[in-house]
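Trainee: Have a look; sequence and predicted model below, questions after that.
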Amino acid sequence: MSNETKNSPDSPMTQAELHTAMFAQMVMQFASTALMLMGRMPNPMTGKTETDLDGARLFIDQLEMLEAKTKGNLGNEEQHLLKQNLMTIRMAFVESVKSAKTAPTPTPAPAPAPAVADTTPPPLETKPSDTSEEASKKKFTKSYGNP
């Protein structure tokens with residue numbers, strides 16, 4: 001008879017442990033996305049730093065909603081993780097808003113000078129004389145008045 005503990009590598013996670021891990025992953029994912037949208041870390045897909053404070057605010061709001069809806073239902077570790085991440089991203093958000101307000105607005109580059117227009121008139125085109133078929137088409141006119 002072997003006494004395997006639930007923490008051994010061969011034993012599966014319990015449902016509660018799985019939910020705790022998934023909750024932690026979700027909180028971390030939301031917090032990371034919020035930080036990315038505040039320009040605190042590069043976008044992993046593009047490698048570029050982006051700033052979208054409205055998008056960051058949305059992720060903060062979602063974590064605040066989770067905090068309110070799960071109140072009294074989280075374990076100590078889950079509650080601590082959520083509170084800690086919320087505090088971190090709220091502070092980062094305030095700093096991002098302050099820096100966005102104090103950052104100098106980029107001055108637009110001066111418009112390039114317009115090219116000097118060529119004032120020479122286009123060459124006159126000469127039309128070949130109308131052929132009989134073209135002349136007959138031109139003779140048709142439509143009249144809207146009384147005959």
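Mentor: That came in fine, so what should we check first?
Trainee: what's the neighbour count on Gly75?
Mentor: Gly75 sits with 12 neighbouring residues when counted by other Cβ atoms under 10 Å. No exception for glycine: its C-beta is placed from N, CA and C like everyone else's.
Trainee: Tell me the confidence at it?
Mentor: Looking at Gly75, its pLDDT stands at 94.
Trainee: do Ala100 as well
Mentor: Ala100 is given a pLDDT of 85.
Trainee: my read: it touches Ala56, true?
Mentor: No. In this structure, Ala100 is not within contact of Ala56 by Cβ atoms under 8 Å, at 11.0 Å.
Trainee: Neighbour count for the two, which is higher?
Mentor: Ala56 (24 against 12).
Trainee: What distance do you get for Gln29 to Leu63?
Mentor: Using Cβ to Cβ, to the nearest Å, we find Gln29 at a distance of 10 Å from Leu63.
Trainee: That should have said Thr20, apologies.
Mentor: Plainly put, Thr20 is 17 Å away from Leu63 if you go by Cβ to Cβ.
Trainee: of Gln29 and Leu63, who's got more company?
Mentor: More neighbours surround Leu63 than the other of Gln29 and Leu63, with 20 against 11 (other Cβ under 10 Å).
Trainee: Who are the contact partners of that one?
Mentor: Val27, Phe30, Ala31, Ala34, Leu82, Asn85, Leu86, Ile89 (Cβ atoms under 8 Å, 6 or more residues apart in numbering).
Trainee: count of residues packed around the fourth one?
Mentor: Using other Cβ under 10 Å as the criterion, Ala34 is surrounded by 29 other residues.
Trainee: where's it, which helix or strand?
Mentor: Following DSSP states H and E, the helix or strand that holds Ala34 is helix 15-37.
Trainee: tell me the mean pLDDT over that helix?
Mentor: Rounded mean pLDDT across helix 15-37 is 96.
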